[in-house]
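Novice: starting from these lines, generate the structure:
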Amino acid sequence: MAALAVIFAGVAGAQAGSCGPAVFGAAPGGGCFKWDLSTLPHTSYTVNDSFPEPYLVASPPCSAVSSAGCSACSGATAAVALQLDPAGGCGAKRCIPLGTPTTSTVTPIESPVGVEIAFTGGADGRTFTYRLVCNRSAVGTAPEAVAEGPTMHYTVTWETAAGCSQPAPASSCRGPPPPPLARPTPAQLNWMNDEIGAIGHFNMGTFEGCGIGDSWMEGPMPTSGISLPPPSTFAPQNVDVESWVKALASFGARRAVLVVSHGCGFNTFPSNTAFPEFDFVYNYSVKSSPWMGGKGDIAKLFVDACRSFGIQPGFYHGAMNNAFLNVRSGKVGTEWIPGQARITQDQYTQVLLANLRQLWTDYGPLTEVWFDGGFPPNTADPIAKLLAELQPQAVAFQGPGDSVIRWAGTEGGHVSEPFWSAAASSLAAGKGDPQGAVFSPAEADTCFQGGAAQSTRGGPSVQGPYGGCWFYNAGMNPKSLEELVSSYHDTVGHNAFWLLDWTPNQTGMLRPDHVARYAELGSWLTTCYGASVATLTNASVTPAAASVTLSVPAGKDVDRVVIKEDQTHGQQIVGFTVGVSGASAPAITGQSIGNRFIGFLPSVVTGPATITVNVTATAGPTTLREVSLFNCSRTPARGGCSFVRNFAYTIVPSITVVSQKVSSVEACCSLCSAHPECAVFVQDGAGLCTVMSANQGGAAATGATSGSPL
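Specialist: All right, here's what the predicted structure looks like:
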């Protein structure tokens, strides 16, 4: 059996270290190379992006930009690049440092040939990268353009002879020892362990669009093409928040995030924010709508329903885009349409913080807060301070603070592999980096709606006011069970948190086929993963003991393995295999385990047999929290039962049909199905299944599963 290699696995070719007249990096194919920066002029260039915004960029890389003669940057900290105001440039107020000269990472690139030199340490976590493209005839050329992407990450492209490498001694590429692994907070670990959540869009976009998704969100803000629907547009007739949350519980959601303020800026909580000193009142909320005579509060109904079903609530309050406040990409515009509030950038910061203070104060403990796209300039510190004061137990999606989580980089419900828990920052979307400076696990927000409506629904396909799949769209159907199960495996099973959305319609209800599909999904997940064939827990991984073996009992089938790593001290494992007795080659080879890895065996294994998990590379000693074997080779046919996890119906003797101990919730479902009078059932943590002929309500109960026949 292969020995455990105690290593620090990183990105091939990346080298952290000092930056000066020359930089060094190891090529992915081997060898050490040098890039001579001394030939570049010592100056500062003004370079624009497509917005256009001007930037002061230092030459050569590794030096600090000169801001002499630029009043906006008087007293600015040393940086390799500075972002200026698009209107006033050096004569305005904005001067944002984008990276410090002492924090560089060198990465060779192959297509086109050249090198990337990245600098971290910019304001609010910004980074700046020089992309030097090899062109031996380009002497005396200037950098071409700056591009931002992803958010808060800036790259300048420069065709230059300095981008051409030359061989260097191997000793030049050894670099300093790797930094210690990023470690999670307890809030991050708890969030990862919950694995499944939901995000709900029920806001102005449910009724009427305001330009979300149109050009003003993606390019220069025009004065045409934007609309601001009046508050009277928000007029649902039958808001049933409890039925929303019950549907979420049916597929196993343990956390739920409600969008209380989206890009239109309409608040589904009664905003109390007012600033008489600049004549401002936040009058674009349910308080100004006809719903419940202006006395309603979706946010309160939501948190109350969540707590009654044992689901932990959270809020999405957009900070980067707000049509009511004329804010795009965190910046207040200078042209308005009727109905928009007229405020300055500094005033917007005050309004945002006041809204967040109300949300984080009035609704009890929250476990997640969303900053979709990040946060406006110069707000990271005050937002982080407010979060630490009011909701210290909450994780922050793309937010500031200690307990940050990042975007998975896709809304399609399928993340890449390997997928890591650490990253450069909470704004670094995508697969992450085992050497990442921040423990920032990823959330995969996934649309539940997809595809065109069937013709049997009557008439042609119909689009929702918002368009797309995040708000209710009458022209779309729930995704198929097969697609949702695949998405679960490619998110939760790849070390990501699965955030599946829900979309109430204009009446305030979930469509019946949505409710049915949620229940069908929950039934499948419970049937597949409710009981394992074999399980081992808390196995130490050291150089002397790097493998664990589980036995498949005679006559039992297994088609997949679930592995969980203890990440208390960071994500340590960077290589592993899964082998089956009698096979000459591993059945599965992987790198990242993290919170949960679900691996599919090439074919069903029938016992007696053994399955071995061998950890082949790790940053240090760690523990496998769990290794389990399951058999889910047959997708259950329609029928069966719907399940609500961590919830128990009230057991009333007068309506109890039968009560007996069973081996699984599937067996409890079968017991219910054997009695035509069964209306609901509940299985407690000890396995006792109680079948009842009626529903007398219930309450959250950890470890219990309730259900009803489909």
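Novice: contacts, neighbours, all on C-alpha from now
Specialist: Noted.
Novice: does Trp502 touch His201 like I think?
Specialist: Yes. If you go by Cα atoms under 8 Å, Trp502 and His201 touch, sitting 6.7 Å apart.
Novice: spit out the residues that contact these two alike.
Specialist: Trp470 (Cα atoms under 8 Å, 6 or more residues apart in numbering).
Novice: neighbour-wise, which of the two wins?
Specialist: Trp502 (29 against 23; other Cα atoms under 10 Å).
Novice: who are the contact partners of the more buried one?
Specialist: Ala198, Ile199, Gly200, His201, Trp244, Cys447, Phe448, Trp470, Leu510.
Novice: what of Phe419?
Specialist: Counted by Cα under 8 Å, 6+ apart, Phe419 has contacts Lys431, Gly432, His494, Asn495, Ala496, Ser592.
Novice: and Thr705, by the same measure?
Specialist: Thr705 touches Phe643, Val644, Arg645, Asn646, Phe647, Ala648, Val665, Val682, Gln683, Asp684, counting by Cα under 8 Å, 6+ apart.
Novice: go again using 7 Å as the cut-off
Specialist: Phe643, Val644, Arg645, Asn646, Phe647, Ala648, Val682, Gln683, Asp684 (Cα atoms under 7 Å, 6 or more residues apart in numbering).
Novice: of these, buried ones?
Specialist: Listed as buried from those are Phe643, Val644, Arg645, Asn646, Phe647, Ala648, Val682, Gln683, Asp684; burial here means 16 or more other Cα atoms under 10 Å.
Novice: need the residues you listed in JSON lines (columns: distance to Phe266, secondary structure and pLDDT).
Specialist: JSON lines is the format used below for those (distance: Cα to Cα, whole Å; DSSP: H, G, I helix; E, B strand; the rest coil; pLDDT from 0 to 100):
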{"residue": "Phe643", "distance to Phe266": "35", "secondary structure": "strand", "pLDDT": "76"}
{"residue": "Val644", "distance to Phe266": "32", "secondary structure": "strand", "pLDDT": "72"}
{"residue": "Arg645", "distance to Phe266": "33", "secondary structure": "strand", "pLDDT": "77"}
{"residue": "Asn646", "distance to Phe266": "33", "secondary structure": "strand", "pLDDT": "81"}
{"residue": "Phe647", "distance to Phe266": "33", "secondary structure": "strand", "pLDDT": "76"}
{"residue": "Ala648", "distance to Phe266": "36", "secondary structure": "strand", "pLDDT": "83"}
{"residue": "Val682", "distance to Phe266": "40", "secondary structure": "strand", "pLDDT": "91"}
{"residue": "Gln683", "distance to Phe266": "42", "secondary structure": "strand", "pLDDT": "93"}
{"residue": "Asp684", "distance to Phe266": "42", "secondary structure": "coil", "pLDDT": "93"}
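Novice: can I get the residues you listed in JSON lines including distance to Val80?
Specialist: As requested, the buried ones among the contacts of Thr705 are exported to JSON lines (distance: Cα to Cα, whole Å):
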{"residue": "Phe643", "distance to Val80": "56"}
{"residue": "Val644", "distance to Val80": "54"}
{"residue": "Arg645", "distance to Val80": "52"}
{"residue": "Asn646", "distance to Val80": "52"}
{"residue": "Phe647", "distance to Val80": "55"}
{"residue": "Ala648", "distance to Val80": "59"}
{"residue": "Val682", "distance to Val80": "62"}
{"residue": "Gln683", "distance to Val80": "61"}
{"residue": "Asp684", "distance to Val80": "60"}
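Novice: measure the residue lying closest to Ala539 once chain neighbours are set aside to Leu550 for me?
Specialist: Closest residue to Ala539 apart from its sequence neighbours, by Cα to Cα, 6 or more residues apart in numbering: Leu624 at 5.1 Å. According to Cα to Cα, to the nearest Å, Leu624 stands 13 Å off from Leu550.
Novice: what does Gly114 give?
Specialist: From Gly114 to Leu550 the distance is 48 Å (Cα to Cα).
Novice: the more surrounded of these two?
Specialist: Taking other Cα under 10 Å, Gly114 and Leu550 do not tie; Gly114 has more neighbours (23 against 18).
Novice: show me where pLDDT drops low in the stretch 451-600 of the chain?
Specialist: Applying pLDDT under 70 to the stretch 451-600 of the chain flags the ranges 451-468, 544.
Novice: mind doing that once more with 80?
Specialist: 451-468, 475, 543-545 (pLDDT under 80).
Novice: ok, the stretch 301-450 of the chain next?
Specialist: Looking at the stretch 301-450 of the chain by pLDDT under 80, you get 450.
Novice: can you show me the strands along it?
Specialist: 312-317, 327-328, 331-332, 368-370, 395-397, 404-407, 422-423, 438-439, 442-446, 449-452 (DSSP state E, counting those that start in this stretch).
Novice: can you lay out those strands as TSV showing mean neighbour count and distance to Val286?
Specialist: Below are the strands of the stretch 301-450 of the chain laid out as TSV (neighbours: other Cα atoms under 10 Å; distance: least, Cα to Cα, whole Å):
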stretch	mean neighbour count	distance to Val286
strand 312-317	25	15
strand 327-328	23	20
strand 331-332	20	23
strand 368-370	25	20
strand 395-397	27	25
strand 404-407	28	29
strand 422-423	26	38
strand 438-439	27	37
strand 442-446	28	26
strand 449-452	18	26
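Novice: now do the same contact list for the spatially most central residue of the chain.
Specialist: Nearest to the geometric centre of the chain sits Glu443, at 2.3 Å (Cα atoms, centre = their mean). Applying Cα under 7 Å, 6+ apart, we find Glu443 in contact with Ile405, Arg406, Trp407, Ala408, Ala496, Phe497, Trp498, Leu499.
Novice: Ser440 is in contact with the fifth one, correct?
Specialist: To tie it back to what came earlier, the one meant is Ala496. No. Using Cα atoms under 7 Å, Ala496 is not in contact with Ser440; the gap is 10.7 Å.
Novice: list phi and psi for the closest residue to the residue nearest to the centre of the chain other than its chain neighbours.
Specialist: Nearest residue to Glu443 in three dimensions, chain neighbours excluded: Phe497, at 4.7 Å (Cα to Cα, 6+ apart). With angles defined as degrees, to the nearest 10, Phe497 sits at phi -90, psi 130.
Novice: my guess is Phe497 contacts Ala198. True?
Specialist: No. Contact status for Phe497 versus Ala198: not in contact, 10.1 Å apart, counting by Cα under 7 Å.
Novice: for Glu368, see how far away Ile405 is.
Specialist: 10 Å.
Novice: intersection of neighbour lists for these two?
Specialist: Counting by Cα under 7 Å, 6+ apart, the residues touching both Ile405 and Glu368 are Val395, Ala396.
Novice: quick one, what contacts Pro231?
Specialist: With Cα under 7 Å, 6+ apart, Pro231 has these contacts: Tyr284, Ser285, Ser288, Ser289.
Novice: could I get those residues as a markdown table with secondary structure and distance to Ala123?
Specialist: As requested, those are exported to a markdown table (DSSP: H, G, I helix; E, B strand; the rest coil; distance: Cα to Cα, whole Å):
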| residue | secondary structure | distance to Ala123 |
| --- | --- | --- |
| Tyr284 | coil | 32 |
| Ser285 | strand | 33 |
| Ser288 | helix | 38 |
| Ser289 | coil | 39 |
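Novice: coming back round to it: elements contacting the helix or strand where the residue nearest to Ala539 lies?
Specialist: Element membership of Leu624 [criterion: DSSP states H and E] is strand 622-630. When contacts are defined as 3 or more Cα pairs under 7 Å, 6 or more residues apart in numbering; DSSP states H and E, strand 622-630 packs onto strand 534-541, strand 557-565.
Novice: in the longest one, what's buried?
Specialist: Neighbour-count burial for strand 557-565, with 16+ other Cα under 10 Å as criterion, is recorded at Asp557, Val558, Asp559, Arg560, Val561, Val562, Ile563, Lys564, Glu565.
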